[in-house]
Every structure is written in C-alpha cells, then in structure tokens.
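Chemist: take this sequence and fold it.
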Amino acid sequence: MRDFGVLKGSDLVQVLATVLQEGLLRTERVQMLRAVNQELGTHSELYFQQDHCIHASTSDHSYQLGELLYQKRLLERTEVEALQKKQQQSPGRSLTQILLENGQISATELARVIAHLLELISYEILLWKATAFSLEPSRLEPDRFLGTGLPAQNLMPVHFFVADADKNLPVLVLMREQLGNLRMVPRRQQELAREQLSDYQYHVYRYINNRHSVRELLQLSELGYFDTFAALFQLISWGYVAAGQLETPRYSRSQPAAKAVQAADVQTPARPQKLVAEQQASLQTAAEEALDIARIQMQPSGQRQFLRRGRGSDLLQVLVAVIKSGYTAGRLVIDNQRQVIRAEMTLFERKLVHAATTANQIRFGEILVKRGVIGPGQLREALEDQKTQPDVHLGTLLARHGLLAEAAIPALVQLQISYVLYEVLAWPDVKFYFVPQPEQPPLQKDIRIEAQFDVRDGRLMAEAGSEQLFLLQEADKNLPILLMIREQLPDLQVILTVNTERAAALSDEQQRVLAYVDGSTPVQDILLVSELGYFETLTALFQLLSMGTLLPLRRETARAEITSRPRPVLSSSLKARMTSTPHRPLPAPPDALPQAGLPPAAAENVTEAVSAALPMPDPAFVGQLEAVLGAENLARLSEVPARAYPALREAFAALLALAIDRKS
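Modeler: Prediction:
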C-alpha cells in the first residue's frame, strides 16, 4: 500500500500523473486508488489496469449501470429487470458480460457509456477539499467491475483524463461555485428553438425538464463532464435556465390512504415568483434595447450618434445590430465609463476590418516589436515612410522591405482585432456610439471578420445556411468563461513569476505559455507575443495561477525590485550609445518579394532575417563588452533572440557603467 497523505481533491491529477509515470498502473493486476473526503467522510475508489480506468465507485451516490442504460433509452425497463435477475442467478458474471453475451447492446456503445460514468466519478473527486489518497492492489472480484468483459483499452485512458482535467479544472471550479449542489434541479425560463442555441447547449437543454437534477443531466448527456457543465453554466448565465430547488427523494407508487375528513375548498395562494419576474423583465429590457438599436434611423456620414449605455459584453449584440440597421461602413466607438480609455472598430462592407484601443499599446507595429520581428528603430523608420504613403498598410511597407512576410499580415491583424475585442468585452460600464462613413477600402484588404449574424434573445446566431465558426461567434461562446477569468484576474498589467517550489505536470499549452513568463513581462504583453491566441493564452495563465505554478507580483514589489538595484550615473556619450535605438534607414525594397507564408515552424527564419537586418555594432563598443564579459560569454550573445534585445541593452548599460566606475 502506498499512502499519499492528505492532499486536495484537485491533486488527483498529480497523483495519477505520478503513478502513471512510475508504471504502477501498467500491470495486469488491478490497482485501486482510494480517495477519502476528510470533511464529509465520503469516499470514492478508482480501479486501474493497463493504464486505463476500468471501474469506479463512490459512497456519495449509487450509480447503477442498468439504470443508466435505461435512462439513455438503450434498454427497456423490462430488459433491465431481466438482466438483474439473470445476474443474481449467475454468480461470477458481471452485468457487462451478460449484456455482451445477449447482444442487446454493442461493445462500442457499452464501453462509451461506462467510460462516461468513470469520468463523472473521477471529476467529482477533483472538487473535494481535504482528501486522503492511497494506492493498493484491488480485493474486488472481477465480476464486480463495470469493465469486466471489455478490453481495458476501450475504457478511460488515464493520460487522457489527466490532460483534460488539468486543463479544465480552474474554470470548472468557478462554475461549480456558481451552480453549487449537484442535487439542484434546473428549470427552464423560456422555450427556445433549435437554431437559437449551439449544438452543445441544445443537447443539454433537451434534458432540462424541471425534474432532472444536475447530477442526472451529467449522466444523461452524451457530452463529456466538462462540456456538459460548461453548456449548462452558459444557459444559466444567459437567463434561459434558472437554478431550482434541490431534488426530493422519489418513492415507489402506493395507494393513498382513505381520507377520514374532507377538507374545505381553500384557494392556495400563488407562490411568489419575484425572482423569475425580475429575470424575465431583465431579458425583456435587453431585448427591447437591442430592438431599439436595430430600429435606429440612418444618419448622415460623419455624424456621431449615441446608441446605448451598457456593459462591454453587449458589444457583440450592438455590433451585429448596427450592421442589421443598414450601415455598411463606419466606426463603432466604445467609451469606458470607469477609465479614460476608449476603443474603435471599423466596418467595411458589413465586416469588421480594424480595431484599436487607447487602453494598451496594441497597435500593429507595437505587436511586431514585442514579438521581436522588428526593432523599435525600424518601426520608427517605417512609420516615417508611411507618412509619405498613407494609403499603404504598415505591414505592406515592412513586407516590401523584406522585414515581414506578407502572408503573415492577416494573422497579425486578426490577433490585434481579437485582442481589442476581448478587452472591450471585459469592460463593466461603457457607452456605444456609431459614426457612419462612406465606404472606403481598408488599407489591409485581406482582413475582413465576418459579422453576418442575427441577435436572438440576446445571443449571436449565425444566419441560415452558415456553418462556419467566425471570430465573433467564437468570442460569444467564450464570453461566460472569459468574464469569470477576468473577475479573478482583472489587472492585465500584473507581472507573474514562476513558483519554483510548486512543480506540476503541465499540458503543452501551459508549457508554451510558461516559456513567456520571465518575472518582468506583464500579462498583457504575454497575450500579444503568445502564438496560442488571446483566449487560449489567458486560460492557460489562469490555470497556472490556480495551480500555484505562477505567482503574481504586486506592482509595488516589482517596481521596488527594479529600483533597488544600483543605478550608476552614466556619461552622456555612453548613455546615448547604450540606451538609444540604432537609427538606420530602411533597406531598399528587393527586386522580388519573399515567398508568401509564415507558418509557426518558419519563425526561426524570420528571426534570422531580422537579425541580419539589424545594424552592425561599433568595434570599440564590442571591445568594451569583451573586456567586461570575456570572449566566451560575448560569443553566446549571438544566440539570444531579437525580442530580448531591449532588456539586454538596458542590462549592459548598467553593467558597463558599473565596471567603468570601479576602474576609475
């Protein structure tokens, strides 16, 4: 027996990852991992064979395979009763074996149902607080296992569960805090048509009948545990479904006892529905406001008109409503009422072609500098060059000079738009304005974010016949989770540092994001330089924070660490040489543009091209560096990526000044 001690329920991921790496679950003999809730006294057992979970049980709820098959309409009630009788008459044979022998259900379908049940029990352990874990050989008879009769490879792979649970856990914890008890019975607030919901949402919505509890919904759903929970949370967040009362015990029917006294007819007063009425009124108000926007009269070009005041999360509805009003081109202005910041989104041919905000430096050129594609001096030269060619996009100018692959421009512009879009969605109080403009082709004609949607009951619905998932609809789908994350992480200027005392197994996305954390880069810059995209990067950072792998540094702490370092006085010539960005004209346009295409795998080629385009250092300056650092350390500097040049330049300035002061 191996005792892991008392941990948190979420540490099940680390426990499974550890025993999986050590090969303890790879044996033919079944191993049992017991988890005991120290607060409630409940316990769950997970059984493993050949790195797969083949059985699970819990004292918190009695899960019956036959009953689950009946609820999923895979078996009739009479068939379930006959199976139970046959199992009692055939000791040593599991219900799974009897089902396979009778051919009442296919092996693939049965394995899918059992794997879903195993996942449900395993996920529940993750949400416990103080939990004791222990691993020991199983003492159960084989006929007690759910997976007996099925190949272990067809059930739940442990490494898949570890990866998914590790990725989904932080968001799942927030959703469970909102939904609470699994015995709660959700109830419908309104009837919805199929086209008003996404596939996942409608799948869960079908099972909500004011009778099934959340636990039963998780069993009935064909989706995974997390996807079912996320769809239910979205339905509740949008007001389509409300949290009801706890489920009541269900008893077998019996004949009612004869009444000795006939009660007088008393009119039972109606139950107060204040909460329901308030929610319905809120939905009605939102629908009326959206309708008012849709009915606005078209104004002359250039005349700014006020649309409404609301939350930033209303942006998607307002944007689509403006387009439905007949406007084909113009600027949607969003003024933040809590801070002196604003955002603008440009429409052309009823599509979103540009977005910018004064909140952060997320202009196109700044993104290239932060990603190390070009240097600050090259950006200034390109901006000066653009003044003489105002009709040419900055990316096109850089591509002509060989500093940027032209095929990479659309992805960078879309990154800029998505950054602004997600930022505005998190603003709590805004005012929306619209400025109609004559249709003029945008500078970058290849970027047009589709906005052909309808607003139904406050949600974005793709027009009939459209099956493609666009950026706006993707943002609409991620909105509930985005708002939860931003509520826990409101300041994107916070600087993160790695907690060396907390080691954990990380997913590929988390490892890629963790590589950008250096103790000096704020979250907003990590969102810009990451290749995963805004929402995926923010989710990974939030997961790392929740796991304790990352720790936030207070602004005062980070500033104190920087200002506490000795800052010697630099001579004017040395300071100008070390801190100023080399001023150099842009190279002449090449005869032939580079081949289109900048996939992530070709990022190293771009870095080499950028490094080649940088100015050569002064020989005297190199000599000073070699005298301080040594030839070997100086040679290693050639391997440093371009994006680290600004930080190195500042460090070398202080280092050289300190060395000069010591010699003097």
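Chemist: CA atoms only for whatever helix or strand residue 396 lives in - export them in PDB, please.
Modeler: In this structure, residue 396 sits in helix 394-400 according to DSSP states H and E. Below are the C-alpha coordinates for helix 394-400, written out as PDB (Å, rounded to 0.1, in the frame of the first residue of the first chain):
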ATOM      1  CA  LEU A 394       2.200  49.300 -42.400                       C
ATOM      2  CA  GLY A 395       2.600  45.600 -42.800                       C
ATOM      3  CA  THR A 396       2.700  46.000 -46.600                       C
ATOM      4  CA  LEU A 397       5.600  48.500 -46.200                       C
ATOM      5  CA  LEU A 398       7.500  46.200 -44.000                       C
ATOM      6  CA  ALA A 399       6.900  43.300 -46.400                       C
ATOM      7  CA  ARG A 400       8.300  45.400 -49.300                       C
END
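Chemist: what's the neighbour count on the spatially closest residue to residue 338 that is not a sequence neighbour?
Modeler: Distances taken as Cβ to Cβ, 6 or more residues apart in numbering put residue 429 closest to residue 338, at 5.5 Å, once the chain neighbours are dropped. Using the backbone N, CA and C atoms, a C-beta is placed for each residue, glycine as well. Neighbourhood size, residue 429 [other Cβ atoms under 10 Å]: 13.
Chemist: wait, isn't residue 429 in contact with residue 313?
Modeler: No. Here residue 429 does not reach residue 313: they are 11.0 Å apart, not a contact under Cβ atoms under 8 Å.
Chemist: what's the local residue count around residue 432?
Modeler: With other Cβ under 10 Å as criterion, residue 432 counts 23.
Chemist: residue 25 versus that one, what's the distance?
Modeler: The gap separating residue 432 from residue 25 is 55 Å, by Cβ to Cβ, to the nearest Å.
Chemist: lowest-confidence helix or strand of the protein?
Modeler: The helix or strand of the chain with the poorest confidence is helix 572-579; it has a mean of 36 (mean pLDDT, DSSP states H and E).
Chemist: any idea how far the residue nearest to residue 71 when sequence neighbours are not counted lies from residue 229?
Modeler: Spatial nearest neighbour of residue 71, excluding adjacent residues (Cβ to Cβ, 6+ apart): residue 220 at 5.9 Å. Here the criterion is Cβ to Cβ. By it, residue 220 lies 13 Å from residue 229.
Chemist: also residue 64?
Modeler: 22 Å.
Chemist: ok so, going back, got a list of what the residue nearest to residue 71 touches?
Modeler: Residues in contact with residue 220, defined by Cβ atoms under 8 Å, 6 or more residues apart in numbering, are 71-72, 207, 212.
Chemist: now that we have the residues you listed, which one has the most neighbours?
Modeler: Counting neighbours by other Cβ under 10 Å, residue 207 comes out on top of the contacts of residue 220 with 19 neighbours.
Chemist: hang on, isn't it packed against residue 217?
Modeler: Yes. With contact defined as Cβ under 8 Å, residue 207 counts as touching residue 217 (5.3 Å).
Chemist: which one of residue 64 and residue 229 is surrounded by more residues?
Modeler: Shown here are residue 64 and residue 229; by other Cβ under 10 Å, residue 229 has more neighbours (23 against 13).
Chemist: that one against residue 218, yeah?
Modeler: Yes. Under the criterion of Cβ under 8 Å, residue 229 makes contact with residue 218 at 7.3 Å.
Chemist: could you name every residue contacting both of those two?
Modeler: Residues touching both residue 229 and residue 218 by Cβ under 8 Å, 6+ apart: none at all.
Chemist: where in the stretch 301-450 of the chain is pLDDT low?
Modeler: Per-residue confidence for the stretch 301-450 of the chain (pLDDT under 70) gives these ranges: 301-302, 361, 439-450.
Chemist: show me the helices in it, by range?
Modeler: 315-324, 364-370, 376-388, 394-400, 409-425 (DSSP state H, counting those that start in this stretch).
Chemist: now render these as CSV, adding mean neighbour count and distance to residue 490.
Modeler: Formatted as CSV, those follow (neighbours: other Cβ atoms under 10 Å; distance: least, Cβ to Cβ, whole Å):
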stretch, mean neighbour count, distance to residue 490
helix 315-324, 23, 18
helix 364-370, 20, 22
helix 376-388, 16, 30
helix 394-400, 21, 31
helix 409-425, 21, 12
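Chemist: tell me which of the ones you listed sits nearest to residue 53.
Modeler: helix 409-425 (36.5 Å; Cβ to Cβ).
Chemist: CA-only coordinates of the closest one in CSV, if you can.
Modeler: Below are the C-alpha coordinates for helix 409-425, written out as CSV (Å, rounded to 0.1, in the frame of the first residue of the first chain):
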residue,chain,number,x,y,z
ILE,A,409,0.0,40.1,-42.1
PRO,A,410,-3.6,38.7,-41.9
ALA,A,411,-2.9,36.6,-38.9
LEU,A,412,-1.3,39.5,-37.1
VAL,A,413,-4.1,41.9,-37.9
GLN,A,414,-6.6,39.3,-36.7
LEU,A,415,-4.6,39.0,-33.5
GLN,A,416,-4.9,42.7,-33.0
ILE,A,417,-8.6,42.7,-33.6
SER,A,418,-9.2,39.8,-31.2
TYR,A,419,-7.1,41.4,-28.5
VAL,A,420,-9.2,44.6,-28.7
LEU,A,421,-12.4,42.6,-28.9
TYR,A,422,-11.8,40.5,-25.8
GLU,A,423,-10.5,43.6,-23.9
VAL,A,424,-13.8,45.5,-24.5
LEU,A,425,-15.9,42.5,-23.6
